[in-house]
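Student: below is the structure, and that's it, no one-letter string:
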């Protein structure tokens, strides 16, 4: 009995790892925080939290993202044995047939949940699901376009919420562009980190096709664009106390660039990758600082 329970728990762990449940949780939290503190400032906390259509949009996105991680892992299973041996070992606790069945089930559920909102939501998430399959199957092996598409797909679920609230202020698109660039930098660093596996399995990433130095120049350009956006956001828009997070991000990017050009080992790139993850996670909760008065009324 104990052995069966342990086996079940390991399978659940493998499934959670395959769909990257921690990433999906952060996306859901970020969507709700953005809805409460940025997009729906005229609405009460209760009306946002108990908005069934918003809940369905977030759920449809979460299911689609989970299926995207499964199909991406399916195509990358050989490469990940080299780049991520521990994660691959955990993921392999769940069989490939089970994962593919779950992939189609999650896609079906995502579309069904989206249909509760509107037919346009169905089209939106159907297109998103197809785009993630196309990225995993083909686009990710194309230099630059793979990185660009990966970063774009990461922020698409947020646009579902923006469209729902019909909030198209310039400052929101500035924040979305900054998020896109930070994710793009993280993706380029991940390519440097995964260079060995990509090379062996003929993934034509920027470091593989053009060399590490070329990838570092791409990261540097994207970082400079981030610094420009941070300057614009802190000087020309009212971002509240989130300005402190933006300044912190600027400092971390300067540190990242300094470390990047002196890095050439796998462990160095892992450190830089984790540095960007920290910045992105802190960014999720920094939304609270945009409108601190609203936060105080909630607590």
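Tutor: Cool, got the structure. Note that this is a predicted model, so its numbers are computed, not measured. Numbers count the residues shown, from 1 in each chain.
Student: for the host helix or strand of residue 258, packing partners?
Tutor: If you go by DSSP states H and E, residue 258 is part of helix 242-260. Applying 3 or more CB pairs under 8 Å, 6 or more residues apart in numbering; DSSP states H and E, we find helix 242-260 packed against helix 170-193, helix 212-236, helix 266-286. All C-beta atoms are positioned from the backbone trio N, CA, C, and that covers glycine.
Student: centre of the chain to the longest one, how far?
Tutor: Pointing back at helix 212-236 there. 19 Å (CA atoms, centre = their mean, to the nearest Å).
Student: same check, this time on the first one
Tutor: Once both centres are worked out by CA atoms, centre = their mean, helix 170-193 turns out to sit 9 Å from its chain's centre.
Student: in the helix or strand that comes right after that helix, what's buried?
Tutor: For helix 170-193, the succeeding helix or strand toward the C-terminus, using DSSP H and E, is helix 195-200. Of all the residues in helix 195-200, those buried under the rule 16 or more other CB atoms under 10 Å are 195, 197-198.
Student: looking at the residues you listed, which one is closest to residue 249?
Tutor: Here the nearest of these to residue 249, counting by CB to CB, is residue 195; it sits at 26.2 Å.
Student: quick check, that closest one in contact with residue 208.
Tutor: Yes: between residue 195 and residue 208 there is a contact under CB atoms under 8 Å: 6.8 Å.
Student: what do these two both touch?
Tutor: Residues touching both residue 195 and residue 208 by CB atoms under 8 Å, 6 or more residues apart in numbering: none at all.
Student: got the contact list for the nearest residue to residue 177 once chain neighbours are set aside?
Tutor: Leaving aside its sequence neighbours, residue 177 sits nearest to residue 229 (CB to CB, 6 or more residues apart in numbering; 6.2 Å). Contacts for residue 229 (CB under 8 Å, 6+ apart) come out as 174, 177-178, 181.
Student: now swap in residue 189 and tell me
Tutor: Residue 189 neighbours (CB under 8 Å, 6+ apart): 219, 260, 269, 272-273, 276.
Student: tell me how many other residues crowd residue 106.
Tutor: 22 (other CB atoms under 10 Å).
Student: name the helices or strands packed onto the host helix or strand of it?
Tutor: Element membership for residue 106, per DSSP H and E: helix 96-115. Other helices and strands packing on helix 96-115, by 3+ CB pairs under 8 Å, 6+ apart, are helix 52-75, helix 119-137.
Student: next, count neighbours for residue 240.
Tutor: Neighbours of residue 240 (other CB under 10 Å): 18.
Student: excluding chain neighbours, what is closest to it?
Tutor: residue 290 (4.7 Å).
Student: the closest residue to residue 273 other than its chain neighbours and residue 150, how far apart?
Tutor: Nearest residue to residue 273 in three dimensions, chain neighbours excluded: residue 189, at 5.0 Å (CB to CB, 6+ apart). From residue 189 across to residue 150, the span is 12 Å (CB to CB, to the nearest Å).
Student: before we move on, what about residue 168?
Tutor: Look at residue 168 and residue 150: by CB to CB, they are 25 Å apart.
Student: again with residue 191
Tutor: Plainly put, residue 191 is 10 Å away from residue 150 if you go by CB to CB.
Student: could you do residue 195 as well?
Tutor: 16 Å.
Student: distance from the helix holding residue 258 to the middle of the chain?
Tutor: Relative to its chain's centre, helix 242-260 lies at 19 Å (CA atoms, centre = their mean).
Student: what about it, average pLDDT?
Tutor: Helix 242-260 shows a mean pLDDT of 95.
Student: with stretch 157-169 instead?
Tutor: Averaging pLDDT along stretch 157-169 gives 85.
Student: do stretch 49-68 as well
Tutor: 93.
Student: list the buried residues for that stretch?
Tutor: 51, 54-68.
Student: please apply the same query to stretch 95-102.
Tutor: Within stretch 95-102, the residues scored as buried using 16+ other CB under 10 Å are 99, 102.
Student: list the contacts for residue 222?
Tutor: Shown in contact with residue 222 (CB under 8 Å, 6+ apart): 181, 184-185, 188.
Student: if you rank the residues you listed by neighbours, which is first?
Tutor: Busiest of the contacts of residue 222 [other CB under 10 Å] is residue 185, holding 29 neighbours.
Student: give me the phi and psi for residue 142.
Tutor: Main-chain dihedrals, residue 142, degrees, to the nearest 10: phi -100, psi 120.
Student: the chain should start at 20 in everything you say after this.
Tutor: Done: numbering now begins at 20, and the last item shifts to residue 161.
Student: touching, it and residue 227? I think so.
Tutor: No: counting by CB under 8 Å, residue 161 stays clear of residue 227, with 11.4 Å between them.
Student: many thanks, have a good one.
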